[in-house]
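*Asks:* sequence-free structure coming up:
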């Protein structure tokens with residue numbers, strides 16, 4: 001709301017006012033163009049709506065004609081709200097229209113939120129180390145148990161429709177080998193042929209995730225999951241099932257983790273990080289609040305009259321809890 005000024009803008013001149021606003025927004029200010037904050041586009045019970053207020057509520061990039069349509073709707077809404085507010089101010093009993101306490105609390109909450117948000121941006125350490133992740137997992141394992149079995153595996157996928165190479169048995173032996181040189185040679189062969197592969201077996205997969213990179217026939221899943229040897233996968237095309245091409249692969253499941261077991265840390269790293277940062281955020285804010293109160297006591301900026309109405313509270317007491 002603004003006090004009424006001399007540069008009023010009647011409805012007939014709204015397009016001109018909007019044009020002036022658009023010119024100012026694009027930096028094309030003429031020598032006689034008034035500032036949007038000085039152009040009044042509507043009034044209601046002594047309050048005014050300026051072109052600057054109007055422009056602030058309008059989407060960017062509108063044409064002059066579209067801007068006029070938006071302006072009409074914004075002004076109509078503003079008139080409606082001001083009319084109802086006027087009715088409330090004049091017809092509600094005093095006790096029902098005294099919102100000073102609520103307004104003060106809301107303003108205070110805005111200050112607190114803005115300051116704490118900036119304080120966290122400047123002081124919160126968001127770096128979480130691998131050691132911290134593992135320590136949290138070790139301290140609270142029940143929070144991070146697997147919902148389904150997990151698997152580590154070595155695998156290689158041959159090109160669609162391509163038959164198994166003649167030396168397929170040699171490839172199976174290489175895939176099962178623990179010799180780094182054998183695995184390195186196999187990895188080089190896969191890379192040269194452009195074949196998807198994972199010979200490190202470091203990642204934990206659900207069976208569904210593994211099936212997204214390796215052609216796993218659901219009808220043979222039980223045997224493939226339990227096999228301790230290299231599985232030779234030959235999955236013929238099935239047009240009725242939406243599979244137009246033959247697919248072939250080799251798979252060796254190297255480790256298994258049952259459902260309900262403590263999850264590997266890499267599978268829950270994001271959740272643990274969120275938990276640790278939540279705790280760290282609470283501690284950071286708690287320390288800031290305590291320091292602010294202590295500084296205020298030291299400056300004699302706050303006081304408490306002990307009139308027996310409430311139990312005494314130590315000025316350095318910290319009521320905040322740093323647990324999530």
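*Replies:* Arrived safely. Treat the numbers as computed from the prediction; the structure is a model and nothing was measured. Residues are numbered from 1 along each chain as shown.
*Asks:* so where does the most centrally placed residue in the chain fall, helix or strand?
*Replies:* Residue closest to the average C-alpha location in the chain (CA atoms, centre = their mean): residue 274, at 11.2 Å. Per DSSP states H and E, residue 274 falls inside helix 269-298.
*Asks:* same question, residue 250
*Replies:* Using DSSP H and E, residue 250 falls in strand 247-257.
*Asks:* list the buried ones in that strand?
*Replies:* Residues 247-253, 257 are the ones in strand 247-257 that count as buried (16 or more other CB atoms under 10 Å). For glycine as for every other residue, the C-beta is placed from the backbone atoms N, C-alpha and C.
*Asks:* now, which of these sits nearest residue 35?
*Replies:* Distances from residue 35 to the buried residues of strand 247-257, taken as CB to CB, are shortest for residue 257 (67.5 Å).
*Asks:* so who does the residue nearest to the closest one when sequence neighbours are not counted touch?
*Replies:* In space, and not counting its chain neighbours, residue 257 is closest to residue 150: 4.2 Å by CB to CB, 6 or more residues apart in numbering. For residue 150, the contacting residues are 204-206, 256-257, 261, 263-264, 267, by CB atoms under 8 Å, 6 or more residues apart in numbering.
*Asks:* so how do I select the buried members of these in PyMOL?
*Replies:* Remark: buried members of the contacts of residue 150, expressed as a PyMOL selection using 16+ other CB under 10 Å:
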select buried, resi 204+205+257+263+264+267
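*Asks:* out of the buried residues of strand 247-257, which is nearest to residue 119?
*Replies:* The closest of these, once distances to residue 119 are taken by CB to CB, is residue 257, at 41.4 Å.
*Asks:* thought that closest one was touching residue 264?
*Replies:* Yes. Residue 257 is within contact range of residue 264, at 7.2 Å (criterion: CB atoms under 8 Å).
*Asks:* name the residues contacting each of those two.
*Replies:* Overlap of the contact sets of residue 257 and residue 264 (by CB under 8 Å, 6+ apart) consists of 150, 204.
*Asks:* still on that earlier bit, what strands flank the strand holding residue 250, and is each parallel or antiparallel?
*Replies:* Applying DSSP bridges, strand 247-257 is found paired with strand 150-157 (antiparallel), strand 231-235 (antiparallel).
*Asks:* distance from the chain centre to the shortest one, please.
*Replies:* Relative to the mean C-alpha coordinate of its chain, strand 231-235 is positioned 41 Å out (CA atoms, centre = their mean, to the nearest Å).
*Asks:* ok, and what's touching that strand?
*Replies:* When contacts are defined by CB under 8 Å, 6+ apart, strand 231-235 is touched by residues 164, 168, 172, 214-217, 223-224, 243, 246-253.
*Asks:* now do the buried residues in it.
*Replies:* Applying 16+ other CB under 10 Å to strand 231-235 flags 231, 233, 235 as buried.
*Asks:* residue 34 should be in a strand, yeah?
*Replies:* No. Going by DSSP: H, G, I helix; E, B strand; the rest coil, the assignment for residue 34 is coil, not a strand.
*Asks:* pLDDT value on it, please?
*Replies:* Looking at residue 34, its pLDDT is 70.
*Asks:* cool, residue 321 as well?
*Replies:* Confidence score, pLDDT, at residue 321: 50.
*Asks:* pretty sure residue 134 is in contact with residue 265, am I right?
*Replies:* Yes. Using CB under 8 Å, residue 134 is in contact with residue 265, at 5.4 Å.
*Asks:* so those two - more neighbours on which side?
*Replies:* residue 265 (17 against 13; other CB atoms under 10 Å).
*Asks:* tell me the contacts of that one?
*Replies:* Contacts of residue 265 by CB under 8 Å, 6+ apart are 130, 133-134, 137, 272.
*Asks:* from residue 228, how far out is it?
*Replies:* In this view, residue 265 and residue 228 are 26 Å apart by CB to CB, to the nearest Å.
*Asks:* check residue 184 too.
*Replies:* Distance of residue 184 to residue 228, computed by CB to CB: 23 Å.
*Asks:* check residue 294 too.
*Replies:* If you go by CB to CB, the gap between residue 294 and residue 228 works out to 64 Å.
*Asks:* who has more neighbours out of these two?
*Replies:* Comparing residue 294 with residue 228 by other CB under 10 Å, the one with more neighbours is residue 294, at 13 against 9.
*Asks:* so after whichever strand or helix holds residue 115, what's the next helix or strand?
*Replies:* For residue 115, the enclosing helix or strand under DSSP H and E is helix 100-123. Downstream of helix 100-123, the next assigned helix or strand under DSSP H and E is helix 130-139.
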